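Peer 1: Build me a model:
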Amino acid sequence: MMEYKKGEGWILTGEDKIDLFEGESVRERITHAPDYPTVDTSAYTDYYFDSADGYDEFDGLTPLTAKKSIQEAERICREVKAGDRVRLLFKRGCTFVGNFTIKGGEPSDEFPLILDAYGEGEGYPVFYGDDSVVKVNVSNIRLYNLEVTGPTAYRGIHVLPDKKGAMKNIVVESCFVHDINWNWVYPTEPKDTCPDDIDVEVVCPHFHKDGKTLGRYWYRYFGGIIFHNEIGPSWFENIWVLKNVVKNVARTGMTIYNKWVDKPGVGYGYNTWMGYDFTDNDVETGLGYFVSKNIYWNDNYVECAGGDGFVVSSAENVFVERNKTYYSNLLGRTGYWNGGLWVYNVKDAIFQYNEAAYTWMRHGSEDSEGFDIDNACVDLIVQHNYSHHNEGGGILFCNLATPVVEREKDGTPKAVDEKGEPIEEKVTGRWFRNIVRNNVFYENGNPRDVVRSGLITIARETDHVLVYNNTVVLRDDIDGQSVIHTEDESTYCYNNVYANNVFYAPKKTGARFTVKMMKNSQFINNLYYNMDGQAEALGDEAAIVGVDPLITPPKDCLGIDKMQAFALGNKEVLVKGKEIKKASETDGVGNENKSAYLGAICK
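Peer 2: Residues are numbered from 1 along each chain as shown. Purely as a prediction, here's the structure:
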C-alpha cells in the first residue's frame, strides 16, 4: 500500500480501513487564500491611453496628453527595467483594436507593471482582438478592470511564458472577458438557449473547413482567461485570478494548464519523468517534474463556457474559493469530457464555497458533473460547496493509468526493446487522501442516463477518500437513479468512507447505489430516505432509515447563499450524527460546529 503522512488524521485499522472516529476530536479551522502583496503606487509613473482623443506623440503623463495606440503601450512595456515603477491607464469607454502583447520588459516583484482603467463611469476600456487579445509573456504583472473580447480570437487574456523557469507574481483581477472563440448566430442569449437548439459546429467547430485539421473547439487552452506553457521547462508561481467575469467563450472559461508535468496518471508533457523520489529538477534537460505552485482562484464567475467552466491543473498549494460557474459545456459534443469546476493533478488544495450549476450534457458529450477531483489528485479538501442541476451528476472522482518509462539517474531508459525503444509500463496515478465534506448536492443527473449520479461518479482506481456530512437531494423524475456509481467495470476503487451524510429522495423512484466496483469501503451512520433496502445492501448498520429529515429546497436555487435552505427541519434527526475527529470548524454555511450532526448544515 501507499505511504501516508503521519499526523494527518488518517488512522488505519485492520485490512487498511480508515477509522474516522478514533482519537481526539478536533475542529479544523477554515483557512483562506492569502492576499497578494500591496504596492504603494504613489511613486509610480502613470501613462494614460485614450483611443479616441489620444496621440502617440504626446508624453502620456496626464489624461489631457494621453497616448493612443496599443503599439505605443507595447513599447512602454518592453522598456520597463527592474526597479522601474510604471502603470498604464486606459480610458473607460474607449475601444483599443488589435492584439496587445506584454513582453520583453523586466518588471520586478517589488514594483510590478500595472495595467488599469481610468475615467468616469462603470464601463471598462475595451480590448478587441482576433488571436490572444491580451497576452502576457513576462512575470510581475497586474491586470485590473479590462474588458477583453473578440469572437474570432482564440483566447481573451493569455498568460504564456516566453522562457524557461518560473513565471511568477501575476494578478488578473476584476476583468470582463466575453465572446471569445464564439460565433453566436442565434437571437436569444446563450444562457437562455436550449443546447439542443444549437449547432455547436457553427458556433465553434471541431474541425477546420478541410474536415481533418483540428479546429477551434479541440484545444482546452482556448477560451477566456488562459494560463498555459509551451517553452520550458516552465511553470507558474504566485498566481492570483480574482473577481473576474467570463461569459460566452470556447472552449474553456478559465484554466491554468502546464505541459511540463508528465507522470503516472497525467499522460502528457514535455518533461522526462524520473520518479516520485527525484528532486533534482534540471531546467536545461527537462529531467524531473515542473509543477506550478501557489495558485489562487477566488470570486470569479463563468457563464456559458462552451466546454469546461474552470480547470486548475498540475499545481501544488492551491485555493479555489467562492467561484461560480453556470451553463458550462454549452457546446459539448461527442468525444469531449467537460465539467463545471474541476481540478486535475493537484496536491495540497482547498476547494471551498464554490457553486456549479446547469452543466449541460448534450450532443454526445461526457462527464458534465458540477465538480470533479480528476486524475492524480492528493490531499484535497472539498468543502462548503454547492452543486446543483448538473446533467452529468454532482461530483466526479476520476483517475488513470498512463505509460511510464523507468529511467536511470541520467534519464536513459533502464530497459529497451529489440528496436532500442524504451519499454513502457502503465502505472496508475496517485489519487488518495482526499476529503469531501459539508457540501450540498441538489437535483443533479438527468433522465436520459440514470447512472449519472446524484452525488458521485467514480471512474477507475481512486483510493482513500472521506465523504462525510454532505446533503444529497435527488430529482423526483428519474427512475432508478444512482446516488453513487462506480463507472469503470475494469478497475476497482478502494477505501471509501461515507459517514453522517443525508441521502434524500423526495419520493420513491428506486434510487440506488451502484457500487459493485468499490472495495474495502464503509458506509457509517448515514440517513436514507425513500431508498428502500439500500442501507442494508451497503452494510450501514448504524443507518437512519425511513425518517423524513424535512428538507424544503428553495424555489430560487441559484446562489450559494441558498445552501441554508437545505438545513434539516427534523431536529431530532439532525443531532444523530456521529462525532468525527478533525471535522470542519464550521458547517457548510459558516455556522460554528459544536457537536456532531447529520448533513451539511448543523442548524
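
Peer 1: quick one: the strands in the stretch 51-200 of the chain?
Peer 2: Here the stretch 51-200 of the chain has its strands, by DSSP state E, counting those that start in this stretch, at 86-91, 95-97, 100-102, 113-118, 126-128, 132-136, 141-144, 147-150, 155-159, 165-173, 176-180.

Peer 1: Go through these and name the closest to F236.
Peer 2: strand 165-173 (5.3 Å; Cβ to Cβ). Just so you know, the C-beta spots here come from the backbone N, C-alpha and C atoms, and that holds for glycine as well.

Peer 1: Packing partners of the closest one?
Peer 2: In this structure, strand 165-173 packs against strand 141-144, strand 155-159, strand 234-242, with contacts taken as 3 or more Cβ pairs under 8 Å, 6 or more residues apart in numbering; DSSP states H and E.

Peer 1: Throw the ones you listed into CSV and include distance to D548, mean neighbour count and mean pLDDT, thanks.
Peer 2: CSV is the format used below for the helices and strands packed on strand 165-173 (distance: least, Cβ to Cβ, whole Å; neighbours: other Cβ atoms under 10 Å; pLDDT from 0 to 100):
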stretch, distance to D548, mean neighbour count, mean pLDDT
strand 141-144, 50, 21, 98
strand 155-159, 48, 28, 98
strand 234-242, 42, 23, 98
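
Peer 1: Including distance to V291, could those go into JSON lines?
Peer 2: Converted to JSON lines, the helices and strands packed on strand 165-173 look like this (distance: least, Cβ to Cβ, whole Å):
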{"stretch": "strand 141-144", "distance to V291": "21"}
{"stretch": "strand 155-159", "distance to V291": "17"}
{"stretch": "strand 234-242", "distance to V291": "6"}
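
Peer 1: between these, which one is nearest to I551?
Peer 2: Once the helices and strands packed on strand 165-173 are compared by Cβ to Cβ, strand 234-242 is nearest, at 33.8 Å.

Peer 1: so when I look at E536, I'm seeing a helix, right?
Peer 2: Yes: assignment of E536 by DSSP: H, G, I helix; E, B strand; the rest coil places it within a helix.

Peer 1: count of residues packed around it?
Peer 2: For E536, the tally of surrounding residues (other Cβ atoms under 10 Å) stands at 12.

Peer 1: Also the one 4 residues further on?
Peer 2: The burial count assigned to D540 is 22, neighbours taken as other Cβ under 10 Å.

Peer 1: Verify the stated contact: it with F523.
Peer 2: Yes: the pair D540 / F523 is scored as a contact, 3.9 Å apart, by Cβ atoms under 8 Å.

Peer 1: Next, count neighbours for D109.
Peer 2: 13.

Peer 1: any idea how far H206 is from it?
Peer 2: 41 Å (Cβ to Cβ, to the nearest Å).

Peer 1: likewise Y597?
Peer 2: 48 Å.

Peer 1: the more surrounded of those two?
Peer 2: It is Y597, of Y597 and H206, that has more neighbours when counted by other Cβ under 10 Å, with 26 against 17.

Peer 1: For the nearest residue to that one once chain neighbours are set aside, which three-state class applies?
Peer 2: Among residues not flanking Y597 along the chain, G577 sits closest, at 4.2 Å (Cβ to Cβ, 6 or more residues apart in numbering). Under three-state DSSP, G577 falls in the coil class.

Peer 1: ok, back up a step: would you mind giving the strands of the stretch 51-200 of the chain as CSV with distance to I295 added?
Peer 2: Below are these laid out as CSV (distance: least, Cβ to Cβ, whole Å):
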stretch, distance to I295
strand 86-91, 25
strand 95-97, 29
strand 100-102, 20
strand 113-118, 21
strand 126-128, 24
strand 132-136, 16
strand 141-144, 16
strand 147-150, 21
strand 155-159, 12
strand 165-173, 10
strand 176-180, 18
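
Peer 1: what's the most buried one of these?
Peer 2: strand 155-159 (a mean of 28; mean count of other Cβ atoms under 10 Å).

Peer 1: ok, that strand: who's next to it in the sheet?
Peer 2: Using DSSP bridges, the strands paired with strand 155-159 are strand 132-136 (parallel), strand 223-228 (parallel).

Peer 1: average pLDDT across the longest one?
Peer 2: What strand 223-228 shows for mean pLDDT is 98.

Peer 1: Buried ones in it, by neighbour count?
Peer 2: Buried residues in strand 223-228, counted by 16 or more other Cβ atoms under 10 Å: G223, G224, I225, I226, F227, H228.

Peer 1: now swap in stretch 61-70 and tell me
Peer 2: Neighbour counts over stretch 61-70 (16+ other Cβ under 10 Å) mark P63, A66, K67, K68, S69, I70 as buried.

Peer 1: I'd guessed the last one sits against T95; true?
Peer 2: To tie it back to what came earlier, the one meant is I70. No: with contact defined as Cβ under 8 Å, I70 does not reach T95; the gap is 10.8 Å.

Peer 1: any residues in contact with both of these two?
Peer 2: Common contact partners of I70 and T95 (Cβ atoms under 8 Å, 6 or more residues apart in numbering): F127.
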